[in-house]
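Visitor: Structure of the sequence below:
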Amino acid sequence: MEPVFEKLSCLLEEQAALYREITGLAERKQQYLVKGMIPELDEVTRKEEALIYQIGRREEERLPLMQKLASLYQLDENATLRDVLALAPEAEKAGLGEVAHELMEIMAQLDQLNQQNTGLIQQSLNFISFAMDAISPQSNPTYNASKEVKVERLTQLLDKKV
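Guide: Numbers count the residues shown, from 1 in each chain. Sure thing, here's the model as predicted:
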């Protein structure tokens, strides 16, 4: 394998491993969201941040390699891995293709988990908002015959929600 392709393959494998870890954390995060385990959720979020930082560093290393390959194959400098693979020698296609496919699967799974977690967070926020509205006093402005505004406080939970 050519050195540039070998380095790219190693970086992609490292990224795939990091994304697998993040996927595992996203699954745990989902359980913590459902159970309302805030300290554990905070811990998982901190671990995710560290992994995202590591992925960013790998990405900073990957981009120059991709630009070098794009230049080598006379592609646009923003060429994708798929573009490079289409023109790569057969020996390099197999290994990189497998890693790219694995990354795509991991990213799809992670995207699905993140969407589900976002939904859970939104539900929690809606519940908190509902609860806050239910327990906080509301005002009810009314107008009298002389067009003066009279404000009454609604303090009873049942009156407000029924």
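
Visitor: which residues in the protein form strands?
Guide: Remark: strands assigned in the chain by DSSP state E are 138-143, 149-154.

Visitor: Below-threshold pLDDT in this structure: ranges please.
Guide: Residues of the chain meeting the criterion pLDDT under 70: 1, 136-162.

Visitor: Go again with 80.
Guide: The chain contains residues with pLDDT under 80 at 1-2, 132-162.

Visitor: can you tell me how far residue 54 sits from residue 95?
Guide: Per C-beta to C-beta, to the nearest Å, residue 54 is found 22 Å from residue 95. Backbone N, C-alpha and C define where each C-beta goes, glycine included.

Visitor: Now do the same contact list for the closest residue to residue 65 other than its chain neighbours.
Guide: Closest residue in space to residue 65, ignoring its immediate chain neighbours: residue 8 at 4.8 Å, by C-beta to C-beta, 6 or more residues apart in numbering. Counting by C-beta atoms under 8 Å, 6 or more residues apart in numbering, residue 8 makes contact with 62, 65-66, 69, 96.

Visitor: what's the answer for residue 102, then?
Guide: Contacts for residue 102 (C-beta under 8 Å, 6+ apart) come out as residue 16.

Visitor: now swap in residue 96 and tell me
Guide: For residue 96, the contact set (C-beta under 8 Å, 6+ apart) comprises 5, 8-9, 12, 81, 85, 88.

Visitor: make it 7 Å
Guide: For residue 96, the contact set (C-beta atoms under 7 Å, 6 or more residues apart in numbering) comprises 5, 8-9, 85, 88.
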